[in-house]
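A.B. asks: Sequence and computational prediction follow.
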Number of protein chains: 2
Amino acid sequence: MNKAPTKETMEGWIQLHRSHRYLLERVESALKSEGLPPLDWYDVLLELKRVKKTGLRQYEISGKVLLNKHNLSRLIDRLEKNGLVQRNACPEDGRGNLIKITSAGEKVLKQAWPVYSHVIEESFGTILKSDEIVELTRVLSLVLGRAERLT
Amino acid sequence: MNKAPTKETMEGWIQLHRSHRYLLERVESALKSEGLPPLDWYDVLLELKRVKKTGLRQYEISGKVLLNKHNLSRLIDRLEKNGLVQRNACPEDGRGNLIKITSAGEKVLKQAWPVYSHVIEESFGTILKSDEIVELTRVLSLVLGRAERLT
DNA sequence: TATTTTTGGTTGTGATTGCAACTATATTGA
DNA sequence: TCAATATAGTTGCAATCACAACCAAAAATA
């Protein structure tokens, strides 16, 4: 145990770190320049849209987007304040609440999609070959396979 | 132009985003739990150590670690306040300064390395095969190939 | 059932970030 | 040479984040 990583391992991680920062920066600045909310909003809204009818508990959202609970709680505050989601009392668990997307929330998703997707296509999709992307996805999902919900 | 990304492209990006968040979270919390400074400090110090003698201008560091200039400026403030780097006047450009790592800075690098590397090895290095990591690195460096210094 | 522990979520507070405005020096170009 | 513009870095401020402490309900345990 406690084996040191190979040089390639560290290089891979650094590349992951940098390329992520690079892409994220591009996405965020594109969204902002169009007057759209940041990517985190999109991520959460998208998860909510996928289960539109039933809604999601905060801990479920947290598990999906990997945001810790206090940040998520306040993110939901902001979404709610902007009318993009609703906090509903949760019948089976008095502690929690059930978050549902509103139609305004869906509208934001629709508006953000072209901007978001264009950046990703331009800076990522067209740079790599299709099979490279598929392989990348496979490999990274192995890493994430271990992921559990953040506290 | 303005082509929509394929489904795989978007999936790949999402996987990149989530796995990065996951790994970063692990690294940061490991560092913190050992009383060590955050990863950004490490990144900057490492770049400085690579050119120990000559030092680096802030814009050079910025180009390497992809931090924008105002955040970097304040990060250097913190490093300097903790005695890990020195800001030296820059002879050929009166606007800028030349940042150099101190021996205390090198010591921090040394202390952080085992903690940092252990997490990466455990959560990344051992999960993937060596050739998967090499390929991942290659592909991501293509993405980053376009990267220029952030404003 | 009563007590303890765990879980879901919120909130106070200080640190960090992002944006925009700013200073000062360098570079360009008329 | 002198004005205009670009670049390097800093700073004020508001928004966001991380940590810890907290509350309330649920689950586990006695």
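C.D. replies: Arrived safely, thanks for sending.
A.B. asks: make it CA atoms for all contacts and neighbour counts henceforth
C.D. replies: Fine.
A.B. asks: now the residue nearest the centre of chain A, nearest residue through space, not along the chain?
C.D. replies: For chain A, the residue nearest the mean C-alpha position is A:D43 (3.7 Å; Cα atoms, centre = their mean). Spatially, and ignoring its direct neighbours in sequence, A:D43 is nearest to A:V65 (6.8 Å; Cα to Cα, 6 or more residues apart in numbering or on different chains).
A.B. asks: Which pLDDT does the model give that neighbour?
C.D. replies: Among the per-residue scores, A:V65 shows a pLDDT of 94.
A.B. asks: these two touch, right, it and A:V44?
C.D. replies: Yes - contact criterion Cα atoms under 8 Å: A:V65 and A:V44 qualify, at 7.0 Å.
A.B. asks: Doesn't the residue nearest to the centre of chain A lie inside a helix?
C.D. replies: Yes - under DSSP: H, G, I helix; E, B strand; the rest coil, A:D43 falls within a helix.
A.B. asks: Distance-wise, check it relative to DNA strand C.
C.D. replies: 17 Å (Cα to the nearest atom of the strand, to the nearest Å).
A.B. asks: I'd guessed that residue sits against A:L66; true?
C.D. replies: No - A:D43 is beyond contact range of A:L66, at 10.3 Å (criterion: Cα under 8 Å).
A.B. asks: joint contacts of those two?
C.D. replies: Counting by Cα atoms under 8 Å, 6 or more residues apart in numbering or on different chains, A:D43 and A:L66 have no common neighbour.
A.B. asks: on that earlier part again, got the contact list for the residue nearest to A:D43?
C.D. replies: A:V65 touches A:D43, A:V44, B:R18, counting by Cα under 8 Å, 6+ apart.
A.B. asks: Including pLDDT and distance to A:E34, could these go into JSON lines?
C.D. replies: As requested, the contacts of A:V65 are exported to JSON lines (pLDDT from 0 to 100; distance: Cα to Cα, whole Å):
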{"residue": "A:D43", "pLDDT": "97", "distance to A:E34": "17"}
{"residue": "A:V44", "pLDDT": "97", "distance to A:E34": "19"}
{"residue": "B:R18", "pLDDT": "95", "distance to A:E34": "24"}
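A.B. asks: which bits of chain A sit near DNA strand C?
C.D. replies: Within chain A, the positions near DNA strand C by Cα under 7 Å from any atom of the strand are A:29, A:32, A:57-60, A:69-71, A:73-74, A:76, A:95-98.
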